Every structure is written in C-alpha cells, then in structure tokens.
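> Build me a structure from this.
(one chain, ligands or ions: 3)
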Amino acid sequence: MRRAEPPLVSAEEMEAQRRAMEEVCALNERPGSYCIVTYGCQMNAHDSQVLAGMLSAMGMVTAPSREEADLILVNTCCIRDNAERKALGNMTWLKQLKAKHPGLLLCVCGCMTQQPKMARVILRQYPFFDVAFGTHNLHRFPSLLLRALETRRQVLEVREETGHIAEGLPIRRESPFKAYLTIMYGCDNFCSYCIVPYVRGRERSRSAEEILREAEGLLKDGVREIMLLGQNVNSYGQDLSGDASFPRLLTRLDSLGVPRIRFMTSHPKDLSDELILAMAGAKAVARHLHLPVQSGSDAVLAAMNRAYTRAEYLERVRGLKNAMPDIALTTDLIVGFPGETEQDFMDTLSLAEAVRYDSAYTFIFSPREGTRAARLPNFVDKDTAADRITRLIALQERNTAEIYAELVGTRQTVLVEEKAKRGGGQVAGKCGRNITCNFAGNAALIGRFVDVTVTAAGHNTLKAERVLE
Ligand code: SAH
Ligand code: SF4
Ligand code: F3S
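Numbers count the residues shown, from 1 in each chain. Ligands and ions are numbered 1, 2, ... in the order given. Model prediction:
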C-alpha cells in the first residue's frame, strides 16, 4: 500500500535516547572504550557504524584491540548456519576475556538475536553477556546500556516489528571518502530459503528528502563515493505516495554531483527499463551491477520464489549490456537447494557461462528455521553439494581470469583507498567495475580518483600504472 510519509520513531522516543546518551556520558563508572565485532552484510556494517556513533556520543572511544576494550558489542548475522556458528564461537571465546577483565561489558545484537526466543536463549547460555537486543530496536541501545550499567543485571529487549524508521541517529563512518547511505529497510520478497524478511521486517523506504539531505551532507564532508543500501533497492518508494521510485531517486542523487554512486542489492524481477536508462544516463553511477541470480534452473527459481525465469533474467542482462556495453556484472549463487538435480545444476553452470560475471559469491544452501525451504523434501546430500560448489567455483574462476586478462590495456578510474597490503610504494583502490587495482603511488593519493592503465591481471586484483597527462 502506498502511504504519504514513512512512519518515524516518535520525537519523544528519540529525545529519550538522546537523554540516555547524556546520562551514560555523565556516569562515573562507565566503559571508556569499545570494540564492535560485525558479521553479515552491508546493512549490518551500516548498523555497526550507527552503534559506534551512539557509543562515541556516550563518551567512549574505540579500543586499540579487542583485549583492551571495556565494552564489546557483537553484531550478528544468521543468513546461513556458518554465520551463526562464527558469531557463537566468538561469543564463547569472550568468556575468557571477561574472566580476566570482570568489568568488561558484553552486548549482542543483530539479525541472530531478532529471531524468536533467540536473545533469551543466548543470555541463558552465555550468562556472561550483559545486553541483548534485536534489529527493530537498534535506536534504543543507549537506554538499554544505561539500564545495564545502573542495575548491573542482564538487559534484554527484542521488539516485534513496528515498521518505523529512526532518523537522526549519530553515525561514525569508517572512511572519510566512502559512505553507506541506507535508502530502505526490510524485504518483502520472501525468497523461500531466506531469513532476512523475518529478521529485518517489511520493506519501508526513507523519504527522498531525507536521503538527499544526507547525501548533501556527505558531499560537504568530502565523501567521494556513496553506496546506496537496501535489500532490494529496485523497489524503493513503492510504499510511499506520489511518484517515488528508485530510478528517480538515482537521477536526483546523480545531479547533486556525488562523484561516484553504487547501490545494492538489486532484485532482477524489479530491474526496470527505466532503471537501466537512469543508470546509463547518470554521470556518477559506476558501471557495475550486483544482480543475484541464485540459480539457472527455472524449476529451482520457482521453488525459491524468485519471481523470474532464466529467460527473463537473461533478457534483463541483455538490456543492461545493450545500454551499457562496458557494464560489469556480479552475482550470488546457491547450490544444493532442495530438489536441485544434476540437470538443474548444469543449468546454473551454463547461465554463469552465458552471463560471464566478473565474480560471484557462491553458497551451499543452508536451511533456516521458519523459512519455507527448510520444510521442503529432497535435501541434497553434503557431498553432492560440495562437489557442485567446487565445479561452480572452478568455472567462475576461469571466467574471472579471462575477463581480468581482457582488461589489460584498458583505462580505469580508481578511487584510491589505502596503501597496498603488500606495500612497496603501491596504493590500492577500486575501479568502476569494483575490482581492486594496485599501482605505484604515494599516500597523498588516498581519497582521490586516479586514472590508470591496467598492466596485468592478478588472482583477485589488477595491476595498473598511473596515466600521466
Ligand atoms: N537482498 C539480497 C541479499 C540477501 S543475502 C538479495 O536478495 O540478493 C545474500 C545472499 O545470501 C543471497 O543472495 C543468497 O545467495 C544467499 N543466501 C540467503 N539465504 C541463504 C540460505 N538459506 N542458504 C544459502 N545461501 C543463502
Ligand atoms: Fe532474502 Fe530474497 Fe529478500 Fe534478498 S530478496 S533479502 S534473498 S528474501
Ligand atoms: Fe545477515 Fe542480517 Fe545481513 S541475516 S546477511 S546481517 S540482513
């Protein structure tokens, strides 16, 4: 349903959090330093920057290491079983740290804690944890922390979805020249394997004015690249009144003069011709699109509830390449979905071959409690799934190597981010295609766009040299 404005968390509630931040700041015995451990996707990375912003506003500084922190916050992910196991393993390890440093305050939040009853189970099984909260009440962290500090008892608060958006929270960004900008929250797609709609709630778009204001602020602060975030950015604005849409938002952001814009994630079913035109006509939108396909088999796509066929996906790819011949595509692929036959899998291989992705994230299906796919019959056995992912990765590595080799001799524009890991007077940054390029240069280039010529292809990176004009 379209509505006029996004429902916001009330001004009183936001004011209560501001006061809680001041109160924590004024406490004599409060943690001096913090460390946030983040799992999962860009949404979580962005949330962690907001949590860091709140902790800074509460007078804390980042700890030089995890061992030296007075407060550790674990921001969890539950997209696959191994994501949960990693977080839980780390949380077990924190017990020893707390034994050495009894004043240490341990907090857990994120998608894992938002699952039904999970936060309670965690606090019971990890009694050395002090605070647990979910994704829908992130903005209430200051109040919860204040309560934990005042009572010295475990504090738990996980809210059912309210469908509200909290605007105006502090944020502590990691890079001075690259920034995430959330344009929408939640997901309505209910792909049958996916937990995200259950832990992030329904789609809700921020108002275009709010987004543009934030982008203008970023530009003023010297940000050179903005990554627009949402689980399905293509459906931005469908819940707002008027003519709000992602292509329109993209065009407006482009006209602000942000030097480079990226966005993720796009759902193929909502990738309109209008969006392709908006991308092709924009000055700043990078020539790269992450377009998760998941499978190349129509039967599996239908069972996944992806709402497009293989032919429709390939038609979208053709549309993109016609409008932007130099566009780079990347994707996500799942193997071993329940019922996936050898032929279905071969269809995935042939699709990956046909599209020629620059790179792909490949996953083995992991059943998630509460999702429809977890109840499907015909699970694929472990060995078969492992064999399939190995074959898929081999094909993708071949394609990546070929595409990278073809890029040798081309000119690319790199936003320099850091001194290269290997050092040696080299700097590194991403080109428009989103590939890391290394080239000779000094630290003064960091934060600047530099034109380079690709000289050699590495495994996951490109070697380049600066174009001197
Ligand atoms: N909203 C984005 C990202 C979702 S999570 C999108 O729709 O593309 C990132 C990726 O994790 C998905 O694209 C999918 O490939 C993978 N994934 C999600 N649930 C999974 C599961 N249960 N098992 C294996 N992979 C999964
Ligand atoms: Fe999950 Fe599908 Fe939504 Fe992506 S679009 S977050 S895979 S339900
Ligand atoms: Fe994980 Fe939550 Fe993102 S489940 S992938 S952190 S939305």
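> Give me the neighbour count for the residue of the stretch 351-469 of the chain found nearest ligand 3.
Using C-beta to the nearest ligand atom, the closest approach of the stretch 351-469 of the chain to ligand 3 is made by Arg368 at 9.0 Å. From N, CA and C alone the C-beta is placed, and that goes for glycine too. By other C-beta atoms under 10 Å, the residues close to Arg368 number 22.
> Check it and give its pLDDT.
We have a pLDDT of 98 for Arg368.
> Likewise for Pro7?
We have a pLDDT of 87 for Pro7.
> So what's the residue count around it?
11.
> contacting residues around it?
163-165, 204 (C-beta atoms under 8 Å, 6 or more residues apart in numbering).
> burial count for the nearest residue to Gly32 once chain neighbours are set aside?
Nearest in space to Gly32, with sequence neighbours left out and distances taken as C-beta to C-beta, 6 or more residues apart in numbering, is Asp70 at 5.3 Å. Asp70: 17 surrounding residues under other C-beta under 10 Å.
> how far away is Asp70 from ligand 2?
35 Å (C-beta to the nearest ligand atom, to the nearest Å).
> Over to Leu219?
On the measure of C-beta to the nearest ligand atom, Leu219 and ligand 2 end up 29 Å apart.
> oh, and call the first residue 38 from now on, that's how I've got it
From this message on, residue numbering opens at 38, which makes the last subject Leu256.
> which bits of the stretch 88-237 of the chain sit near ligand 3?
114-116, 148, 232-233, 236-237 (C-beta under 6 Å from any ligand atom).
> what's the residue nearest to Asn271 when sequence neighbours are not counted in contact with, if anything?
Closest residue in space to Asn271, ignoring its immediate chain neighbours: Asp307 at 3.5 Å, by C-beta to C-beta, 6+ apart. If you count contacts by C-beta under 8 Å, 6+ apart, Asp307 has them with 269, 271-272.
> Might you report the residue contacts of the residue of the stretch 288-437 of the chain found nearest ligand 2?
Nearest residue of the stretch 288-437 of the chain to ligand 2 (C-beta to the nearest ligand atom) works out as His304 at 5.3 Å. Contact partners of His304, counting by C-beta under 8 Å, 6+ apart, are 226, 269, 271-272, 329.
> Could you rerun that using 10 Å?
224, 226, 228, 267-272, 328-329, 343-345 (C-beta atoms under 10 Å, 6 or more residues apart in numbering).
> Could you do Ala120 as well?
76-78, 113-114, 148-149, 232, 403.
> and if you look at Ala431?
Per C-beta under 10 Å, 6+ apart, neighbours of Ala431: Leu386.
> Would you confirm that it belongs to a strand?
No. The assignment for Ala431, made by DSSP: H, G, I helix; E, B strand; the rest coil, is helix rather than a strand.
> before we move on, the earlier item: could I get the contacts of His304 as TSV with pLDDT and secondary structure?
Shown next, in TSV, are the contacts of His304 (pLDDT from 0 to 100; DSSP: H, G, I helix; E, B strand; the rest coil):
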residue	pLDDT	secondary structure
Cys224	96	coil
Asn226	96	coil
Cys228	98	coil
Gly267	97	coil
Gln268	94	coil
Asn269	94	coil
Val270	96	helix
Asn271	95	helix
Ser272	94	helix
Leu328	98	coil
Pro329	98	coil
Arg343	98	coil
Ala344	97	coil
Tyr345	98	coil
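> which one of those has the most neighbours?
Neighbour max across the contacts of His304 (other C-beta under 10 Å) = Gly267, 27 neighbours.
> That one reaches Cys224, doesn't it?
Yes. Between Gly267 and Cys224 there is a contact at 8.4 Å, judged by C-beta atoms under 10 Å.
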